[in-house]
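Asker: Here is my input; please provide its structure:
(one chain, ligands or ions: 1)
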Amino acid sequence: MTDAGADPEASRAEVRDGFCRWMHDHVDDLAPFRRERPVSLEEQLAEQRPLQRLLFDAGWTRLGWPVAHGGLGGSRLARAVVIDELAAAGYAVPELLGNTDIVGSMLVRFAPEIATEHLGPAIAGDEVWCQGFSEPDAGSDLASLRTRAVEDGDHFRITGQKTWSSDGHLATGCVLLARTGPVDSGHRGLTMFWLDMSTPGVTTRPIACVDGRAEVAEIWLDGAVVGRDRVVGDVGGGWRAVMYLMQFERGAYAWQRQADLRARLEELLAQRAPTPSPAAPGILGDAFLRYYALRAKCRGTLAALDAGCELGPEISVDKVMLGLAEQSVADAARSLMWPPFVTDDGDDAALARRRWAYSRITTIYGGSAEVQRDLIAERLLGLPRGR
Ligand SMILES: Cc1cc2nc3c(=O)[nH]c(=O)nc-3n(C[C@H](O)[C@H](O)[C@H](O)COP(=O)(O)OP(=O)(O)OC[C@H]3O[C@@H](n4cnc5c(N)ncnc54)[C@H](O)[C@@H]3O)c2cc1C
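Answerer: Residues are numbered from 1 along each chain as shown. As a prediction, this is how the structure comes out:
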């Protein structure tokens, strides 16, 4: 073991044992992070920041990231074990670790200098990142986006509007997709940039989601100047970078979510609802089935990503399974907590309501379920185009 506690050379079983021992030894330090509460996103990030720092300082969340970029080296599967055990022990996995995993994996590959500067601080909770891809008229059809980046000497001037950017109003940095090619250049004319969100000309406005929390934001760019050294990958290579990122958005992130879903299912089993709906046992059974199917699929995906595979349309299967599992678990909670689910003002009911509402969103972000199903049908199964 290193001084920090985490050992990149350890086997997964040793990481699991070592991390569980560490949690046991730090039970007092970890006590404030035992429960998720129905608070605003700002409060949640602020409450979770000290946990991110603790995990970082002990090395656990640096496992599987390259040493050159603030990590300890080793396998990303070791980091997955840590996330799994953290949730199983009843702690809320820090929200920001998910997006750091998604964006960080892409930066390490396409912009190693930027990863060296920013990855460590993001893992530690000192930076918040967002993804600026979608626009009001470019979501599923991302290649039609219109935000323009015009080359001007050693920098680019970016003008346009992004929307639905998770954590966008709180972010310090953004991976932003803009058009550097002609208007009709489609996916070939896109470039990805690393945008410092404090750049003059960048403004944000939060959007409240169906669960009542402002989790996403609009981002306006009015001639924001970004240096050429902030290009992620190649000029004109933005599509490649964003498709690479999607493997982690649709696949690796599902692992973090499944860890949370398992903890919620265990909680539900432990609860004794006063008058559960007669349909509740069946709904709970469905939720367990979907959860275990997701976990099994995700495990294979993580192993493939760890081995350096670039995954194609098969990653859409993970994304569809994640949406199904999220909604099944939230439906099971609603059934088992009925009627307090609708009548109670306490934290448990408020959190269950928020999670249920949020679960409806999970079939939209990262690419809608309908589009993922089309990708599976056409590109994985070779079926004829439906539309
Ligand atoms: C909570 C949340 C967080 C998000 N976070 C981010 C983020 O951080 N960064 C970011 O850039 N974006 C983010 N998004 C945006 C998300 O990626 C888009 O909402 C999503 O890709 C769908 O695009 P759209 O909203 O423009 O809907 P549209 O593309 O207009 O789709 C509308 C409906 O039509 C269906 N549809 C569209 N095209 C087809 C097709 N070809 N075949 C079948 N059905 C189709 C869709 O399934 C959907 O039901 C987030 C969205 C949400 C809800």
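Asker: residues from the stretch 1-150 of the chain in reach of the ligand?
Answerer: Proximity of the stretch 1-150 of the chain to the ligand (Cβ under 6 Å from any ligand atom) is limited to residues C130, Q131, G132, F133, S134, G139, S140. C-betas here are computed from N, CA, C, even on glycine.
Asker: Show the buried residues in the residues you listed.
Answerer: With neighbours counted by 16 or more other Cβ atoms under 10 Å, those contain buried members at C130, Q131, G132, F133, S134, G139.
Asker: I'd like to know which of those residues is nearest to the ligand.
Answerer: Taking Cβ to the nearest ligand atom as the measure, the ligand lies nearest G139 of these, at 1.8 Å.
Asker: Might one say that that closest one is in contact with S165?
Answerer: No. Taking contacts as Cβ atoms under 8 Å, G139 lies outside contact range of S165: 11.9 Å.
Asker: quick revisit: most widely separated two among the buried ones among the residues of the stretch 1-150 of the chain next to the ligand?
Answerer: The largest separation in these, counting by Cβ to Cβ, is between C130 and G139 at 15.8 Å.
Asker: Looking at the buried ones among the residues of the stretch 1-150 of the chain next to the ligand, which are in strands?
Answerer: C130, Q131, G132 (DSSP state E).
Asker: Let me know whether the last one touches G173 as I believe.
Answerer: Meaning G132. No. Shown here, G132 and G173 do not form a contact pair, counting by Cβ under 8 Å, at 10.2 Å.
Asker: show me where this structure has strands.
Answerer: With DSSP E as the criterion, the chain has strands spanning 129-132, 148-152, 155-166, 173-179, 190-196, 202-208, 214-227, 231-232.
Asker: any idea how far the closest residue to D84 other than its chain neighbours lies from G366?
Answerer: Setting aside the residues directly before and after it, D84 is nearest to A259 in space (Cβ to Cβ, 6 or more residues apart in numbering), at 4.8 Å. In this view, A259 and G366 are 17 Å apart by Cβ to Cβ, to the nearest Å.
Asker: Between those two, point out the one with more neighbours.
Answerer: Counted by other Cβ atoms under 10 Å, A259 and G366 do not tie: G366 has more neighbours, with 25 against 21.
Asker: Can you pull the phi/psi pair for the more buried one?
Answerer: phi 70, psi 10 (degrees, to the nearest 10).
Asker: By mean pLDDT, point me to the weakest helix or strand of this structure.
Answerer: When the helices and strands of the chain are scored by mean pLDDT, DSSP states H and E, helix 340-343 comes last with a mean of 90.
Asker: pull the CA atoms of that one into PDB?
Answerer: Presented in PDB, the C-alpha positions along helix 340-343 are these (Å, rounded to 0.1, in the frame of the first residue of the first chain):
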ATOM      1  CA  PRO A 340     -46.400   8.600   2.100                       C
ATOM      2  CA  PHE A 341     -44.800   9.000  -1.300                       C
ATOM      3  CA  VAL A 342     -47.500  11.600  -2.200                       C
ATOM      4  CA  THR A 343     -48.600  12.700   1.300                       C
END
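Asker: and it, what other elements does it pack with?
Answerer: With contacts defined as 3 or more Cβ pairs under 8 Å, 6 or more residues apart in numbering; DSSP states H and E, helix 340-343 has these neighbours: helix 347-361.
Asker: which other residues reach the helix it packs on?
Answerer: Residues outside helix 347-361 that contact it (Cβ atoms under 8 Å, 6 or more residues apart in numbering): 35-38, 209-213, 264, 326-327, 329-331, 333-334, 337, 340-344.
Asker: follow-up on the earlier one: my read: the residue nearest to D84 touches V93, true?
Answerer: Yes. Judged on Cβ under 8 Å, A259 makes contact with V93 at a distance of 6.1 Å.
Asker: Can you pull the residues that touch both of those two?
Answerer: Going by Cβ under 8 Å, 6+ apart, residues that sit against A259 and also against V93 are I83, L86, A87.
Asker: need the contact list for the second one.
Answerer: By Cβ under 8 Å, 6+ apart, the contact list for L86 reads F19, M23, L55, V93, A259.
Asker: What about those, which one has the most neighbours?
Answerer: For the contacts of L86, neighbours tallied by other Cβ under 10 Å; top is L55, 29 neighbours.
Asker: and the closest residue to P136 other than its chain neighbours, what is it in contact with?
Answerer: Nearest non-adjacent residue to P136, counting by Cβ to Cβ, 6+ apart: T163, 5.5 Å away. By Cβ under 8 Å, 6+ apart, the contact set of T163 is S134, E135, P136, I207, V216, A217, E218, I219.
Asker: Which among these count as buried?
Answerer: Buried subset of these (neighbour count, 16+ other Cβ under 10 Å): S134, E135, V216, A217, E218, I219.
Asker: Now pLDDT too, for the residues you listed, in a markdown table please.
Answerer: Converted to a markdown table, those look like this (pLDDT from 0 to 100):
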| residue | pLDDT |
| --- | --- |
| S134 | 98 |
| E135 | 98 |
| V216 | 97 |
| A217 | 98 |
| E218 | 98 |
| I219 | 98 |
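Asker: Fine by me, we can end here.
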